[in-house]
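1. Mind folding the following:
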Amino acid sequence: MKLRLGVVGLGSAWESRHRPALRALVDRFEVRAICSDVAQQAERAAEEFNADAVDGFRSLSSRDDIDAVMLLSPTWYGPLPILAACDAGKAVYCASALDLDPDRAREVKSRVERSGVAFMAEFPMRHAPATLRLKELIATSLGQPRLLFCHGRLDSTASNGKPPKSNQRALMELVDWCGYIVGDSPSSVVGIAHEDAFGQADPDYVMMSLDFSSDSGPGNAPVAQVSCGRYLPTNWPEAIAFRPPADMQVCCERGVAFIDLPANLVWFDDAGRHMESLDSERPVGEQLLSQFHRAVTSLIRKMGDLEDAYRALATVRAAVQSFEQGRRIGLEF
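-> The predicted structure follows:
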């Protein structure tokens, strides 16, 4: 079955991930309509896919020749395209994290659940070749994770002239990544920010400590340190490129691994160092869209991504509360 798509927004990953994946999966997807806040971009992309450039996401969602909506850019309209797709009974592929306040996020989650549509949140870090290989090593050679360290260095300005990714969206992706590696959700969080503007205007550095304690007790549970910031100005290109930290470092029961996304993995155990380059794996964009196709065409409704996105957002918002109150915040999902 070929899904007919409407694309809302052409985000920063359009050229590198979404466009090539849609071109490669022409047997599963057909782009019928595209809308963007920049009309010329929508017209160029629509011409390439022999689709229609439309003026707004509501008219796009209401078209009879659209089966699913791809939300690729978190611009001014926020979650409104998701709600419009729910009203029209169209499946949703959400590549922009739900950068919302808690009340608004609960409303979106409730609307998606009531609508009965398939929903998939894009978590590319989960499906990167290096991540999938690390999960194999955890199950075989390295054993369970004990400590995780991951850091995102954000740009002060986006190269495409659009607003840069917010700390909240970046942290949501990193929180979900850690939870995926551990195979569980955190039970508590501590948040630290370099500036007092946490939650209002992005500070230049944010750190979160995630505790995955459960009934086994805190001493046996994994702990993750997640951080991101834009503390290096863009007019210092040499400093930005100097010794970038690994995207993730994982200390396990029987070894340690270092990931550089998307495809480089170095790990150590008693036998020494092992280096793996997984560039021959299928591109992440194609894997994600293939999963979305299965989610829409399957008779079993897939809602796990919506729950995961909501948990990641709730964790980040709890970190804001932790910073403001100066204490650890417990998490209940």
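
2. Quick one: the strands in the stretch 151-300 of the chain, in order.
-> Assigned by DSSP state E, counting those that start in this stretch, the stretch 151-300 of the chain shows strands spanning 188-193, 205-211, 223-229, 248-252, 255-260, 264-269, 272-277.

3. Can you pull the poorly scored residue ranges out of the stretch 151-300 of the chain?
-> The stretch 151-300 of the chain contains residues with pLDDT under 70 at 154-166, 196-202, 215-219, 280, 299.

4. The same query, at a cut-off of 80, please.
-> Filtered on pLDDT under 80, the stretch 151-300 of the chain yields the residue ranges 153-169, 195-204, 214-220, 230-235, 237, 240-241, 244, 279-281, 299-300.

5. Ok, the stretch 1-150 of the chain next?
-> Applying pLDDT under 80 to the stretch 1-150 of the chain flags residues 74-78, 96-105.

6. gap between the closest residue to residue 315 other than its chain neighbours and residue 123?
-> Distances taken as CB to CB, 6 or more residues apart in numbering put residue 175 closest to residue 315, at 5.0 Å, once the chain neighbours are dropped. Yep, even glycine has a C-beta here, placed from its N, CA and C like the rest. Taken as CB to CB, to the nearest Å, the spacing of residue 175 relative to residue 123 amounts to 10 Å.

7. Neighbour count: the two, which is higher?
-> Using other CB atoms under 10 Å, the more surrounded residue of residue 175 and residue 123 is residue 175, with 26 against 22.

8. How about the contacts made by the more buried one?
-> Contact analysis of residue 175 by CB atoms under 8 Å, 6 or more residues apart in numbering lists 186, 208, 210, 226, 312, 315, 316.

9. Other residues contacting the one helix or strand the fifth one maps to?
-> With the criterion set as DSSP states H and E, the secondary-structure element containing residue 312 is helix 304-325. Around helix 304-325, the neighbours that count as contacts under CB under 8 Å, 6+ apart are 94, 97-98, 100-102, 105-106, 109, 112-113, 119-121, 123, 168, 171-173, 175-176, 179, 185-186, 189-193, 198-199, 206, 208, 210, 328-329, 331, 333.

10. CA-only coordinates of that helix in CSV, if you can.
-> What follows is helix 304-325, C-alpha atoms only, in CSV (Å, rounded to 0.1, in the frame of the first residue of the first chain):
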residue,chain,number,x,y,z
GLY,A,304,4.5,4.1,22.1
ASP,A,305,6.2,7.0,20.4
LEU,A,306,3.6,9.4,21.7
GLU,A,307,4.1,8.1,25.2
ASP,A,308,7.9,8.3,24.9
ALA,A,309,7.7,11.9,23.6
TYR,A,310,5.4,12.9,26.5
ARG,A,311,7.7,11.2,29.1
ALA,A,312,10.8,13.0,27.6
LEU,A,313,9.0,16.3,27.7
ALA,A,314,7.8,15.7,31.3
THR,A,315,11.3,14.9,32.3
VAL,A,316,12.7,18.1,30.9
ARG,A,317,10.0,20.2,32.5
ALA,A,318,10.7,18.5,35.8
ALA,A,319,14.4,19.5,35.4
VAL,A,320,13.2,23.1,35.1
GLN,A,321,11.3,22.7,38.3
SER,A,322,14.4,21.1,40.0
PHE,A,323,16.5,24.1,39.0
GLU,A,324,14.0,26.6,40.2
GLN,A,325,13.4,24.8,43.5
